[in-house]
Each structure stands twice: as structure tokens, then as C-alpha cells.
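S.K.: Could you work out the structure for the sequence below:
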Amino acid sequence: MIEFRLDPGSGVSTHRQLVDQVKNAMRLGMLQVGDQLPTVREVVAALVINPNTVHKAYRDLEFEGLVRGRPGLGTFVERSLGSPAAGDHRRLQHRLARWISDARAAGFDDNGVRALFATALRDVGKEEEEDIA
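M.R.: Now for the predicted structure:
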């Protein structure tokens, strides 16, 4: 089962953080079709947030067809978000962890690392678009 974590300094709304964490867990194969999400009550108790925030996140996921609420039972994953093989996850995560360590050794804090990553991701996307054109 997924365990939510919040980053109050991220500038991202709590509701969006919950949605993104579910989607990321699905992409990485940590959540599979049929898996149950934590109940609203469990999330509220763990994170000390408003239940309406959790309801809104789950509703958004349901609207996208990713999860489905079953009255009296909970919220369950309905479909998968495709991802590479688990072996690729581990290898790529290890390489990314080394890259993050290098960035921190170069003096970047977490926000700087995020900025570097976002810039690199954007640049790679542009290069791929140019290759297609």
C-alpha cells in the first residue's frame, strides 16, 4: 500500500501531491490493478489534513479512470500506467541517485537539484521533438 508524504515547501498543493504520488506509484509498478489505496480516514490521520483534500484527490483519480471507489470497501486501482521493466527501474534509480549525489557534492540543494532536473528534462524533450521533425 502506498504511504503518502507531503512536502509543505514544494509550492504544490496537498491535493496535487497526493494525485501525483498515486500516479508515480502506478508508473513504477508499486501500485497494481486491484490494489487498495489508503482510506480517507487513514490518510487524514497520517498526514493531519482535511478529509475533503483526500476526497478531491481520489475523485480526480477516479475521473481519470485510474481508480474506483467501492462503497463500504475503499478505493481501488482500476488500470495501470505503463512502465518499463522492474529491472530498468532499479538500474535507472541507481544512476539517478548517483547523479543527485554528484549535484549535491557540487553544492546544489534540493531545489537546485530539482531545477537542474527540470531543465534537463525540458531540454531532452526539445531534442526529441527536433529529431522527430
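S.K.: Kindly confirm my reading that Thr75 forms part of a strand.
M.R.: Yes: checked against DSSP: H, G, I helix; E, B strand; the rest coil, Thr75 lies within a strand.
S.K.: Where do the strands of the chain begin and end?
M.R.: 67-70, 74-77 (DSSP state E).
S.K.: could I get the ones you listed as JSON lines with distance to Leu92, mean pLDDT and mean neighbour count?
M.R.: In short, each C-beta sits where N, CA and C put it, glycine included. Below are the strands of the chain laid out as JSON lines (distance: least, CB to CB, whole Å; pLDDT from 0 to 100; neighbours: other CB atoms under 10 Å):
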{"stretch": "strand 67-70", "distance to Leu92": "26", "mean pLDDT": "96", "mean neighbour count": "16"}
{"stretch": "strand 74-77", "distance to Leu92": "23", "mean pLDDT": "96", "mean neighbour count": "19"}
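S.K.: between those, which one is nearest to Gln32?
M.R.: strand 74-77 (6.5 Å; CB to CB).
S.K.: then that closest one to CSV, C-alphas only?
M.R.: Taking C-alpha atoms only, strand 74-77 is exported to CSV below (Å, rounded to 0.1, in the frame of the first residue of the first chain):
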residue,chain,number,x,y,z
GLY,A,74,-12.5,1.6,-0.3
THR,A,75,-10.7,3.0,-3.4
PHE,A,76,-9.0,0.5,-5.7
VAL,A,77,-6.6,0.9,-8.7
